[in-house]
Structures are given as C-alpha cells and as structure tokens.
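**Q** Next comes the sequence, and after it the predicted model I'd like to discuss.
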Amino acid sequence: MTAAQLLPLIVATPLLGAALLVAAGRRLSRFAAEVLGFVFSTGAAAWAVALLVLSPSASSRAVEWMGGWRPRDGASVGIVLVGDRVGVGLAALTSVLVVAALAYSWRYFDEPPHQHAGSFPALILLFQAGMCGFVLTGDLFNAFVFFELMGVVAYALTGYRVEEARAVQGALTFGIINSLGGYTTLFGIGLLYAHTGELGLAQIGGRLDTHPHDGRPDVLVLAAFVLVLTGLLVKAAAVPFHFWLPDAHAVAPTPVCILLSGVMVELGVYGTARVYWTAFAGPGGIPGPSVQRALLTLGVLTALVGAVMCWQQRHLKRLLAFSSVSHTGLFLIGVSVLSPEGLGGTILYVLAHAGAKAALFACAGILLDRFSSVDEHELHGRARQLPLVGVLFAAGGLALAGLPPFGTGLGKAVSEEAAGWWPTCVFVAASALTGGAVLRASARIFLGWGPRPSGNLETTTGKDEEPETGGPLRRIPDTMLAVPVALMAGALAVGLVPGLWPAVGRAADAFTDHAGYTAAVLGTAETAPPPVTPAPHWTGVGVTLGLLSSALALALAWTAVRRPATDEPARWAAPLHRLQSGHLGDYVAFTLAGIALLTALLC
C-alpha cells in the first residue's frame, strides 16, 4: 500500500465505524459501543500517523485521485485528496483529540434516556470524518461538503442533551450562524465555478493565474474570495463572526468542547490559509498586501476582544471559550505575515494550544461532574482536595500565557518575530489576559485565595449545572485524569522536542509553495523547490517575551484575587458584554457587518 492510498482510509475508517454503530442501534451494550468507537477512531489516527512516517520528506505531497480519474495535460474532472505535512498533521491531531475525548468519556458519560448506547460515539466518529476530510481534500466543493458534515454533527453534539432548553438554544445559535457562513461559502464557490469552470483548488489557481492583473483583482474573484473566507472565519470564530462560540461552549458536553476548541476552530484558520495559498496566491488572485491587511486587522480585533471578554468571565466554560476566540486572533496574525516563518510559528502554536486547551476543558468537566458547578465564585476553595486537577489547570493558564518551554510559548515567540514589533504587543497582551484569567480561577477554586465572593447578579455564572454523569462524582475516574495529563504533556513536548521544529519549518515552506502544489496535484512539470527558511527555534528575545507575558498574567491574577470579587463586569467592558446578547438577530447582523468589513479591508 502506497502512502497516497492511506488518504481515503483516514476519512473512511471513522465513517465505517459510525455506520456500524448506527446500524447496530440499541442491540449494542454501552461497553461494546464505546469499544467500537475507540477502535475506529484509533484506526484513523494510526493511518494518519503512518502517512506522516511514510512521507519521504516534509516537502512531499501524497496525491490520490478517487476512482483513478487522474488529470491529463493538466486538466481533470476527478476528486482528489492531497496529503501534505500540514494537512496530514492536522488530521493526526484531530484523530488523537477524538481518541482523547472518547477516552475521557469512557464509562462515565451519562447518555440521555432517548439515546441508544452508540449514538454519542457514532456522532463523534462522524465529526472526526468531517474534520479529516476537510483538511485532506484538494477540491473546494468537497471541502464545503466536509465543512457542512462537520458543522451538522457539531450542532447535534452541542445540543446533545436536547431535554435541556439551554443546550437547544446554544445549538440553535451555533447552527444558524454557521449555516449562514456555509451559505456564503457556497455562493463564493458558485462564483468561482462560473468564472473558472473548475472546483479543484489547484485547477482554480491555475485558471486564475492565466489572467494576471496589475494589482487590482477582478471584482468577481474578489467577491468570491470574500464569500468563501466568510464561511471559514465564522467557523474560526473570528470577530465579528464569533458570537456563536461562547454560547455553544457553555452548553456543549465536555468531550465535545475538547474537540470544538481543541481543533475545530483552528480548522477555520487552516482553511483560510489553504484557500489563499493554493487558489488565490498567484498573479491572478488577490494581492498579498490586501490579504495581509485584512487578516492582520481581524486578527488584532479578535485577539483583543476575546482576551478582554475572557478576563470578565466567571463561568469557566465561557472563560475558556473566549480564550479560544483570543488565540484564534493570534493565529490569524501569524498567518497574515504570508510567509513560511509566520505559518511555521502558527503551526507550532496550534499544536500546543490544542493540547493545553483540551486539557483545560477536561479539568472544567471534572469540576462540573464533582461539584455540579463551573462557577469560579461558587467553587471558591471547594476543590482543594483535587491537587492534580489544580496543578493541571494552573499549568494550562501558564501555557496560554506563553511560558517557556511550553509549545505555546515557542509558537508565540516564532510568530512574534515574524509579525513585527507592534503585533508583538498584541501577542503579549492577549496571552497575559487569557492566561491570567485561568490563573485567577485556579487560585480561587483550588487554593481558596482571596475574599470569598458574595452576590449573584450575573446570569451566566455556571452555578447549579447538571453534571454529565448520573450524579455528582465521589471519585474521579482514572481515564478522566489521565487524558488531561497526557494532553498537557503533549503541549509541553511541542516546545521541548527539537526534532519537530525543522519538520514544521519544511512543511510550512511546502504549504506556501503555490506553484509546487499545483504541479504536484495536476502532474505537470515539476517546479523549483521553495527556498529553505530557518527552522523555528527558541531565541533569547522569544524567551524574554514569553516570560514577560507570563509575569503579567501572574500579576493580573494576583491583583484580581486580592480584591473582592464582583458579579458586575467592569464599566469599560460593559459594551462588549451587551454585544454578546444571545439574540440571533444581533448575531446575524454582526455577521453581515463582518462581510462588509472584510470586503472593505480587501479592496
């Protein structure tokens, strides 16, 4: 079996597992359903890791034309899967996190009475297939299909406890806003097809390159790019497309939050980079300075708004959700550099952030199932008997702050160096606020530091939540503890394993090689290899900035803990709180405003 032949298996394996679980229905016991889900998700992870190992070099691409419909003379009508190191690496990360989510929920997750034993693992496997297909496809329309499969399953998983009104509301908000983003993407694909007659990413790029422009792209091409990008930025939860994410995370089951924040949001950033570099980076696409301006502006706005809102939260899941929004902004800033250096830093950042954020949600789930609460104030001092969970939660806060040697610190340092001095200030500020918010919650919940809060004016506190088990846990299952330990160790390993860094650098070089991607997919004449850029690595400046943001996070947390806790948001942050109204009409209006903003930035 060749490396390219492994590509369909990465997608087909979880699809087959989901089909078996649905077909078996209620005939399967809970144990058998969980075993099957675990086996098929692990199988897909094994295929993805094997493909990474079998690839001859970090710059190579495995290309598999489904049904043998290979291109002739650069023209094709087939569907293609393309496995470069970045795409396959994300498929592996996705699959590993799915395995972690299923292991975390092993024998503990309380199924609603209307669901059969295999429904939850079947949905998780479908979610895995959608995400893996999205990162591996080389066809824009099939990317949309996988995009929608991923979204539909995510809506169902968010509202999995359909008997709870808040879960239904969160899933409905998630579904409508993301469906709106999906429609814009579909319209953009239609415009591109009308203009080029192609749906493959490489073919679209090739057709656009045959009509170079003098700095001002064709209006139709610009409109298509805006519409396609809108759907991807909605999935990435970039401001002002982000309103669905905190509402969804607050009600989604913890294993689902591990996947939503750990990898699904990041796939929107990946899709943005993939579509630009493969289809629009050539002489007939969108000028680089316009793309850089748009992504940088949205990235800075997202990072700062997300960080400020994260600091204002006391509901732990919402706190972590807004930190995901903020770090999405930092990823967009890294991508906006439009260079292998910026992309390499973002890749490392995403890898480590996935481990740290998934571990933090796992810890929040433990608190929910032990104390029936995720309210920072109500949990004050109650979790002293969970020292390991407290250490993991604090470590997650330091990782979000960019403390060396966590991989988040390395990704942050490399991205800062590529972005320049003033975006570096945004990196430091956002990392300090998000990390400080997690550290503040750690000090109050696990150490009981600071005055005991009183009052209850905020409506989204996280008090009196329903545990995801049959009742509050008296003993934490070993799997629930092992998963966040392993995930946090992975976040640390990204910053400590030097052999990973050159591979990431070469993968970023290949990812940004527009001509090389087209030649590999269409089988045309090979192009010159891209210039080799220095591999990501620790620098003195990067370590210093990581220590600075971590020190600021600790100082912010210490200052907040010493003061009496308040239920009311700071007066200066009240307007941002009012924007997160929970009303769908408001969110749709902001989505439309975001499309107008994106258009203005790209013109």
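**A** Sure, I can see it. Numbers count the residues shown, from 1 in each chain.

**Q** pLDDT weak spots in the stretch 51-200 of the chain?
**A** 56-59, 73-75, 107-117, 163 (pLDDT under 70).

**Q** What segments of it are helices?
**A** Assigned by DSSP state H, counting those that start in this stretch, the stretch 51-200 of the chain shows helices spanning 85-104, 119-136, 140-158, 165-196.

**Q** Make a markdown table out of the ones you listed and add distance to residue 434 and mean neighbour count.
**A** (Each C-beta comes from the backbone N, C-alpha and C, glycine too.) Compiled in a markdown table, the helices of the stretch 51-200 of the chain are given as follows (distance: least, Cβ to Cβ, whole Å; neighbours: other Cβ atoms under 10 Å):
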| stretch | distance to residue 434 | mean neighbour count |
| --- | --- | --- |
| helix 85-104 | 20 | 26 |
| helix 119-136 | 24 | 27 |
| helix 140-158 | 22 | 21 |
| helix 165-196 | 22 | 19 |
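
**Q** Give me the contact list for the helix or strand of the chain with the lowest mean pLDDT.
**A** The weakest-scoring helix or strand in the chain, judged by mean pLDDT, DSSP states H and E, is helix 574-579 (a mean of 73). By Cβ atoms under 8 Å, 6 or more residues apart in numbering, the surrounding residues in contact with helix 574-579 are 243, 305, 308-309, 312, 569, 586, 590.

**Q** Just among those residues, which is most surrounded?
**A** residue 309 (28 neighbours; other Cβ atoms under 10 Å).

**Q** Now the least confident helix or strand of the chain: buried residues?
**A** By 16 or more other Cβ atoms under 10 Å, the buried positions in helix 574-579 come out as residue 577.

**Q** gap between that helix and the chain center?
**A** 25 Å (Cα atoms, centre = their mean, to the nearest Å).

**Q** Ok, stretch 137-153 next?
**A** 16 Å.

**Q** now what about that stretch, what contacts it?
**A** With Cβ under 8 Å, 6+ apart, stretch 137-153 has contacts from 63, 79-82, 123, 126-127, 129-131, 133-134, 175, 178-179, 182, 185-186, 189, 192-193, 199-202, 204, 228, 231, 235, 264, 267, 271, 275, 278-279, 521.

**Q** give the contact list for residue 291.
**A** Counting by Cβ under 8 Å, 6+ apart, residue 291 has contacts 276, 280, 336, 338, 602.

**Q** can you check residue 14 too?
**A** 40-41, 44, 98, 125-126, 128-129, 132.

**Q** ok, now residue 352?
**A** Residue 352 neighbours (Cβ under 8 Å, 6+ apart): 399, 406-408, 410-411, 490-492, 494-495.

**Q** In space, what's closest to residue 282 - neighbours in sequence excluded?
**A** residue 209 (4.0 Å; Cβ to Cβ, 6 or more residues apart in numbering).

**Q** roughly how far apart are the one you found and residue 240?
**A** 33 Å (Cβ to Cβ, to the nearest Å).

**Q** From the neighbour counts alone, determine which of those two ranks first.
**A** residue 240 (21 against 17).

**Q** element containing that one?
**A** Residue 240 belongs to no helix or strand when assigned by DSSP states H and E.

**Q** So which of the contacts of helix 574-579 belong to helices?
**A** The helices, defined by DSSP state H, take in 305, 308-309, 586, 590 from these.

**Q** Among those residues, which one sits closest to residue 425?
**A** Nearest to residue 425 among the ones in helices among the contacts of helix 574-579: residue 308, at 14.8 Å, using Cβ to Cβ.

**Q** wait, doesn't that closest one sit right on residue 436?
**A** No. At 11.7 Å, residue 308 does not count as touching residue 436 under the criterion of Cβ atoms under 8 Å.
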